[in-house]
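> structure for this input, please:
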Amino acid sequence: MSQKLIQQVNINGLEYNKFRDPDNYRKAPGEDYRFKVRLRGSGSATVRLEIEGQTVCEESVSLPGSFTCTTKFDTPGARAAFLTVEAGGEKETREYTIYIWEREKRDTKEEVPPHH
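Model prediction:
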């Protein structure tokens, strides 16, 4: 049995967990959206991030190593992202949904009226 190539994925500085509220990963339009991927194995790998069928980042990485990709979105909404790692005849692909806020995220403390 082979070991997975993708060891850990961080999205916007937070380790990805499919059970976490997606709001934790959201960004507003125009803000940087960051992926950082820790990879295991030996040799080299090709790592590619595709969003809505377009390759956003592609890089050759020495293993073990890491891959970083930063992008921005001009409009709100949900997008399908595919992270693919190919190394030593193996291929691993993971799918993520990227969410972009309708507007800038506001601090909820601002909306709470002071108690008298």
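
> quick one: the strands in this structure, in order.
6-11, 14-15, 33-51, 54-71, 77-87, 90-100 (DSSP state E).

> mind checking pLDDT for Q3?
For Q3, the pLDDT comes out at 70.

> also V112?
Listed pLDDT for V112 reads 51.

> with E102 instead?
On the pLDDT scale, E102 is placed at 83.

> that one contacts P76, correct?
Yes: in this structure, E102 is within contact of P76 by Cβ atoms under 8 Å, at 4.6 Å. For the C-beta atoms, the positions are set from N, CA and C on the backbone; glycine is no exception.

> if you count surrounding residues, which of these two has more?
Using other Cβ atoms under 10 Å, the more surrounded residue of E102 and P76 is P76, with 14 against 11.

> how close does that one sit to P22?
13 Å (Cβ to Cβ, to the nearest Å).

> pull the number of nearby residues for the closest residue to E95 other than its chain neighbours.
Distances taken as Cβ to Cβ, 6 or more residues apart in numbering place F82 nearest to E95, at 5.6 Å, with adjacent residues excluded. F82 has 15 neighbours, counted by other Cβ under 10 Å.

> the residue lying closest to V37 once chain neighbours are set aside: what's it in contact with?
Of all residues not flanking V37 in the chain, F67 sits nearest, at 4.5 Å (Cβ to Cβ, 6+ apart). Residues in contact with F67, defined by Cβ atoms under 8 Å, 6 or more residues apart in numbering, are 35-37, 39, 47, 57, 59, 61, 85.
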